[in-house]
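Asker: fold the following for me, if possible:
(chains A and B)
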Amino acid sequence: NAGVTQTPKFQVLKTGQSMTLQCAQDMNHEYMSWYRQDPGMGLRLIHYSVGAGITDQGEVPNGYNVSRSTTEDFPLRLLSAAPSQTSVYFCASMRNTEAFFGQGTRLTVV
Amino acid sequence: GENVEQHPSTLSVQEGDSAVIKCTYSDSASNYFPWYKQELGKRPQLIIDIRSNVGEKKDQRIAVTLNKTAKHFSLHITETQPEDSAVYFCAANNNNDMRFGAGTRLTVKP
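Answerer: A predicted model of the protein is given here:
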């Protein structure tokens, strides 16, 4: 099992550009989520999904879109990147409430 | 939604001493309380968890206590070692909606 795989590991974007952060898991978990991690603020929930075809907003959803067409994949889209979206992004999947995290994507918006 | 507060934000102890990190939560429906350890540049990893029907749980040098009435839970690390140095996050989970505290940076001095 690869677990939760995120790509890319690092990314630099210009303000206004769009991009998609990829997340895939091979554990057949129904629940997946995206967090952003900023210094002194812990992990904040962006969006989550309880199964294919179902998504919902977390604490800080503005500026981000998600979709869940398959159980395995849960991509996060930045529609028009802003410097405030500079952060480390973690994707997670959950089994019986235990979360398994991807390795993270460090995103810088200039 | 759920709000989790974590204290202290930084903690420095001498090797061999104990370390205690405390969290409070707001949603009485939360029923699962994990603790994650994150080493520099790595993903968060689950170290111990407790469910709302249990008051205390131990695993070697780490233990977690939960007071449901007061809505607070704590992580206790005994006989600390330099490799315990990391950022620790508490979380509260209600039906797979997991919210994190802001983190505690623990430094264990040799």
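
Asker: what does chain A have sitting close to chain B?
Answerer: Counting by Cβ under 8 Å from any Cβ of the partner chain, the residues of chain A close to chain B are A:31, A:33, A:35, A:40-45, A:48, A:50, A:58-59, A:90, A:94, A:97-99, A:101-104. C-beta here means a position set from N, CA and C on the backbone, and glycine is covered the same way.

Asker: in strands, which of those residues appear?
Answerer: A:31, A:33, A:35, A:42-45, A:48, A:50, A:90, A:94, A:98-99, A:101 (DSSP state E).

Asker: farthest pair within the residues you listed?
Answerer: Spatially, the most separated pair among these is A:42 and A:50, at 22.4 Å (Cβ to Cβ).

Asker: now the chain, which segments are flagged as low pLDDT?
Answerer: I'll assume chain A. Within chain A, the stretches with pLDDT under 70 are A:1.

Asker: my question was about chain B
Answerer: For chain B, no range has pLDDT under 70.

Asker: which strand runs longest in it?
Answerer: Per DSSP E, chain B has its longest strand at strand B:86-94.

Asker: that one vs strand A:42-51, what angle?
Answerer: Strand B:86-94 and strand A:42-51 are oriented at 40 degrees to each other (axes from the mean of the first three to the mean of the last three Cα atoms, to 10 degrees).

Asker: list the contacts of strand B:86-94.
Answerer: A:42-43, A:97, B:2, B:4, B:6, B:21, B:23, B:25, B:27, B:29-40, B:44, B:47, B:73, B:75, B:98-101, B:103-106 (Cβ atoms under 8 Å, 6 or more residues apart in numbering or on different chains).

Asker: follow-up on the earlier one: residue A:42 and residue A:50: which is more packed in?
Answerer: More crowded of residue A:42 and residue A:50, by other Cβ atoms under 10 Å in any protein chain shown: residue A:42, with 23 against 17.

Asker: re the thing from before, can I get the longest strand of chain B in PDB, CA atoms only?
Answerer: Extracted in PDB, the C-alpha atoms of strand B:86-94 (Å, rounded to 0.1, in the frame of the first residue of the first chain):
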ATOM      1  CA  ALA B  86       8.500  17.800  17.600                       C
ATOM      2  CA  VAL B  87       5.300  19.700  17.200                       C
ATOM      3  CA  TYR B  88       2.300  18.000  18.800                       C
ATOM      4  CA  PHE B  89      -1.300  18.500  17.800                       C
ATOM      5  CA  CYS B  90      -4.500  17.600  19.600                       C
ATOM      6  CA  ALA B  91      -7.700  17.100  17.700                       C
ATOM      7  CA  ALA B  92     -11.400  16.600  18.400                       C
ATOM      8  CA  ASN B  93     -13.500  14.500  16.000                       C
ATOM      9  CA  ASN B  94     -17.300  14.400  15.600                       C
END
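
Asker: would you map the strands across chain B?
Answerer: Assigned by DSSP E, the strands in chain B fall at B:4-7, B:10-14, B:19-25, B:32-38, B:45-51, B:56-59, B:62-67, B:72-77, B:86-94, B:97-100, B:104-109.
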